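[1] what's the 3D shape of this:
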Amino acid sequence: MAAKIVSVANMKGGVGKTTISVALAQALAAGPRPAKVLLIDLDAQANASFWLRGQAQLTAQIEQGKTIDSFLEDRIVFGKAASLADIIRPAKAHADRLFVAPSSPHLRIVERELIVYLSRRHRNLMEVERVVSDLLDQHLEPLRTAYDVIIFDTAPGISALTESALRLSHVVMVPTVPDYVSNLGLLSFCRTVSWSSNDIANAVKRAPWVIANKVKQTKHHQLMLQQMRTEADGVDREFNMFHTLIPSSPRIDEIASGLDMDGELGFDAKGAEIFASFAAEVMQIAEQATATATRAA
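    Below is the predicted model of the structure:
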């Protein structure tokens with residue numbers, strides 16, 4: 001069966017994209033029906049990569065040129081026969097079921113290099129996105145049958161790499177904090193990503209799924225949640241919402257601030273239960289999305 005492909009994205013930083021990506025990947029790999037999971041890190045901060053591989057292993061991989069930025073540069077700029085599969089390594093925890101295609105801080109420079117390189121060959125930004133998404137699509141083909149789930153962790157904003165991931169995904173997840181500032185650009189972002197497709201002429205609108213993260217039992221957070229639920233239930237909704245809520249937790253914040261914890265999240269029982277429920281909901285939504293895509297094809 002082909003892998004479910006999920007992107008975790010938001011225009012705003014600080015909403016917990018990487019924490020959600022890593023927690024989801026580990027919950028799926030360690031669940032009651034363990035999945036084989038590949039996390040592809042498209043964020044130049046490389047936090048997910050450091051987290052899952054550990055600093056020593058990732059540093060060695062960066063020095064060996066076995067990261068996503070080296071793969072893209074080798075293939076597009078230098079025309080080398082590099083393979084995405086060649087940079088994939090097991091995570092430190094759940095190493096038999098959880099794997100990483102890591103990023104590095106050089107990704108920011110390489111992404112700009114790709115844009116300059118292709119623009120000098122008279123490619124506009126949409127064509128740059130198409131080149132990258134076509135390349136990723138080509139190299140994901142053999143991986144779709146090797147993994148049950150493929151997760152893209154993306155950088156804040158909408159870059160060529162993020163747009164490429166969105167185009168290839170069955171489900172687009174948008175973490176956000178239910179406060180006024182975090183939701184200022186939510187509707188605009190959701191409208192943008194809902195039309196992401198390589199087939200622009202025949203693109204079908206698909207509403208992304210918002211996950212409320214760092215939720216507090218304050219009047220402001222609860223009011224914003226109510227407003228978000230109302231938006232998600234509307235006829236002309238721009239997004240759907242997960243039923244699962246990720247609470248604000250000092251333990252989660254502590255975990256998210258440490259980048260070399262032997263690759264293990266180490267949630268308490270309550271946190272593990274929450275992310276297990278979240279993973280189950282993600283899989284249900286992904287299965288529905290892939291079934292719809294199959295019928296449409």
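[2] Quick one: neighbours of residue 63, just the number.
    Neighbour count of residue 63, defined by other Cβ atoms under 10 Å: 10. (Glycine included, C-beta is placed from N, CA and C.)
[3] measure it to residue 165 for me?
    Residue 63 is 26 Å from residue 165, where distance means Cβ to Cβ, to the nearest Å.
[4] Do a quick rundown of the strands in the stretch 101-250 of the chain.
    Secondary structure of the stretch 101-250 of the chain by DSSP state E, counting those that start in this stretch: the strands cover 149-154, 171-176, 209-212, 240-241.
[5] Tell me which residues touch residue 16, please.
    Residues near residue 16 by Cβ atoms under 8 Å, 6 or more residues apart in numbering: 175, 177, 213, 214, 246, 256.
[6] Next one, pLDDT for the second one please.
    Note for residue 177: predicted pLDDT of 95.
[7] Now do the contacts for it.
    14, 15, 16, 212, 213, 214, 215.
[8] List buried residues within the residues you listed.
    Among those, those classed as buried by 16 or more other Cβ atoms under 10 Å are 15, 16, 212, 213, 214, 215.
[9] Let me know the closest of the residues you listed to residue 225.
    Distance ranking of these against residue 225, using Cβ to Cβ, places residue 212 first at 6.1 Å.
[10] still on that earlier bit, go through the strands of the stretch 101-250 of the chain and pick out the most buried.
    Burial of the strands of the stretch 101-250 of the chain is given as mean neighbour count (mean count of other Cβ atoms under 10 Å); strand 149-154 ranks first at a mean of 27.
[11] That one packs against which elements?
    strand 4-8, helix 17-29, strand 37-42, helix 160-168 (3 or more Cβ pairs under 8 Å, 6 or more residues apart in numbering; DSSP states H and E).
[12] Which one of these lies nearest to residue 115?
    The minimum distance between residue 115 and the helices and strands packed on strand 149-154 falls on helix 160-168, with 6.5 Å, by Cβ to Cβ.
[13] how about the contacts of residue 177 in TSV, adding pLDDT and distance to residue 40?
    As requested, the contacts of residue 177 are arranged in TSV below (pLDDT from 0 to 100; distance: Cβ to Cβ, whole Å):
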residue	pLDDT	distance to residue 40
14	88	22
15	92	19
16	90	18
212	96	25
213	95	21
214	94	24
215	95	27
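[14] Narrow these to those in helices?
    Residues of the contacts of residue 177 located in helices (DSSP state H): none.
[15] Show me which of those residues is closest to residue 128.
    Minimum distance to residue 128 across these is 26.1 Å, recorded for residue 15 (Cβ to Cβ).
[16] Reformat the contacts of residue 177 as CSV; add distance to residue 47.
    Formatted as CSV, the contacts of residue 177 follow (distance: Cβ to Cβ, whole Å):
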residue, distance to residue 47
14, 12
15, 13
16, 11
212, 21
213, 15
214, 16
215, 22
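[17] Pick the one among these closest to residue 270.
    When the contacts of residue 177 are compared for distance to residue 270 (Cβ to Cβ), residue 215 wins out at 13.6 Å.
[18] so the closest one makes contact with residue 244?
    No: judged on Cβ atoms under 8 Å, residue 215 makes no contact with residue 244 at a distance of 10.2 Å.
[19] count of residues packed around residue 208?
    25.
[20] what's the answer for residue 185, then?
    By other Cβ under 10 Å, 14 other residues sit near residue 185.
[21] one step back: pipe the helices and strands packed on strand 149-154 into TSV and attach distance to residue 102, mean pLDDT and mean neighbour count per row.
    Shown next, in TSV, are the helices and strands packed on strand 149-154 (distance: least, Cβ to Cβ, whole Å; pLDDT from 0 to 100; neighbours: other Cβ atoms under 10 Å):
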stretch	distance to residue 102	mean pLDDT	mean neighbour count
strand 4-8	16	96	27
helix 17-29	12	93	26
strand 37-42	5	98	29
helix 160-168	14	90	24
